[in-house]
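Student: Predicted model and sequence below, questions to follow.
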Amino acid sequence: MLYIRHMIRTQIYLPKELYQNLNLTAKKESKTRAQVIREALIEGLRKKRGNAAEALLELASLGKKFKLKGPKDLSQNIDKYLYENE
């Protein structure tokens, strides 16, 4: 269970239909609206992070498929390659 002292209060505007859905879900699951919102945010953010990781893996597999190669010293000189042309 999350403790109040470790939380930051925030306010959001919700469309009426979403607010009604939130209330129904909270009643159905015997939870507070805040609990339902926190759980939905945690799950939604977890999915987004997962999608980013999947995208990177897919990009890496494309590099392998087309036998693309980068500089051999990339890991040692990453800043040089990223910011050299600025």
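Tutor: Looks like it came in fine.

Student: where do the helices sit along the protein?
Tutor: Along the chain, counting by DSSP state H, helices occupy 16-28, 33-65, 78-83.

Student: how about the ones you listed, which one is nearest Arg9?
Tutor: helix 33-65 (10.1 Å; Cβ to Cβ). From N, CA and C alone the C-beta is placed, and that goes for glycine too.

Student: other SSEs contacting that closest one?
Tutor: Secondary-structure packing of helix 33-65 (3 or more Cβ pairs under 8 Å, 6 or more residues apart in numbering; DSSP states H and E): helix 16-28.

Student: can you list contacts of the helix it packs on?
Tutor: By Cβ atoms under 8 Å, 6 or more residues apart in numbering, the surrounding residues in contact with helix 16-28 are Leu14, Lys31, Thr32, Arg33, Gln35, Val36, Ile37.

Student: Out of these, give me the one that has the most neighbours.
Tutor: Counting by other Cβ atoms under 10 Å, Val36 has the largest number of neighbours within the contacts of helix 16-28, with 19 neighbours.

Student: List the residues that contact Glu58.
Tutor: Glu58 neighbours (Cβ under 8 Å, 6+ apart): none.

Student: Quick one, grab the pLDDT at it.
Tutor: With respect to pLDDT, Glu58 has a value of 83.

Student: Distance to Ile8 for the helices of the chain - can I get that in JSON lines?
Tutor: As requested, the helices of the chain are arranged in JSON lines below (distance: least, Cβ to Cβ, whole Å):
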{"stretch": "helix 16-28", "distance to Ile8": "20"}
{"stretch": "helix 33-65", "distance to Ile8": "12"}
{"stretch": "helix 78-83", "distance to Ile8": "33"}
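
Student: closest to Pro71 out of those helices?
Tutor: Using Cβ to Cβ, the helices of the chain put helix 78-83 closest to Pro71, at 6.7 Å.

Student: So what touches the closest one?
Tutor: Pro71, Leu74.

Student: which one of the helices of the chain lies closest to Thr10?
Tutor: Using Cβ to Cβ, the nearest of these to Thr10 is helix 33-65, at 9.8 Å.
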